[in-house]
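Trainee: pasting the sequence and the predicted model now:
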Amino acid sequence: MNSTARKLLNDFETLPPAMQQEVTHFVEYLKHKLTFPPTTSPHQEQEPNGAKVAQLMAKIAERGTAFREIDDPAAWQREIRKDRPLPGRE
């Protein structure tokens with residue numbers, strides 16, 4: 001057994017049983033990841049999607065309902081960009 005495996009085993013044995021179970025589940029998860037590599041997620045596509053986005057934006061514009069409740073776009077933009085306190089950091 002190499003030094004890394006010995007250290008892991010020693011650390012594992014010092015954990016309470018509930019945490020040992022958590023470690024075991026995590027190891028099973030990692031082994032599963034090796035067996036089934038992740039598929040490409042939508043944001044990792046190789047093809048540019050600018051044309052698709054333009055088409056969707058045109059459809060939204062055709063409806064004529066997007067942002068119609070905004071009377072003053074400049075005021076709306078100022079309000080959206082206003083700094084706000086972060087939760088728990090007042």
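Mentor: All right, it came through fine.
Trainee: so after the lengthiest helix in the chain, what's the next helix or strand?
Mentor: Looking across the chain with DSSP state H, the single longest helix is helix 17-35. As assigned by DSSP states H and E, the chain's next helix or strand after helix 17-35 is helix 50-63.
Trainee: just how off-centre is that following helix within its chain?
Mentor: For helix 50-63, the separation from the chain centroid amounts to 25 Å (computed by C-alpha atoms, centre = their mean, to the nearest Å).
Trainee: identify the residues contacting residue 15.
Mentor: Residues counted as contacts of residue 15 (C-beta atoms under 8 Å, 6 or more residues apart in numbering) are residue 23. To be clear about C-beta, it is placed using only N, CA and C from the backbone, and glycine gets the same treatment.
Trainee: same deal with residue 14?
Mentor: Under the criterion of C-beta under 8 Å, 6+ apart, residue 14 has no contact partners.
Trainee: so how far is residue 28 from it?
Mentor: 21 Å (C-beta to C-beta, to the nearest Å).
Trainee: for the longest helix of the chain, the distance to its chain's centre please.
Mentor: 21 Å.
Trainee: residue 70 sits in which helix or strand?
Mentor: Going by DSSP H and E, residue 70 is not part of any helix or strand.
Trainee: is it true that it touches residue 78?
Mentor: No - between residue 70 and residue 78 there is no contact under C-beta atoms under 8 Å: 12.0 Å.
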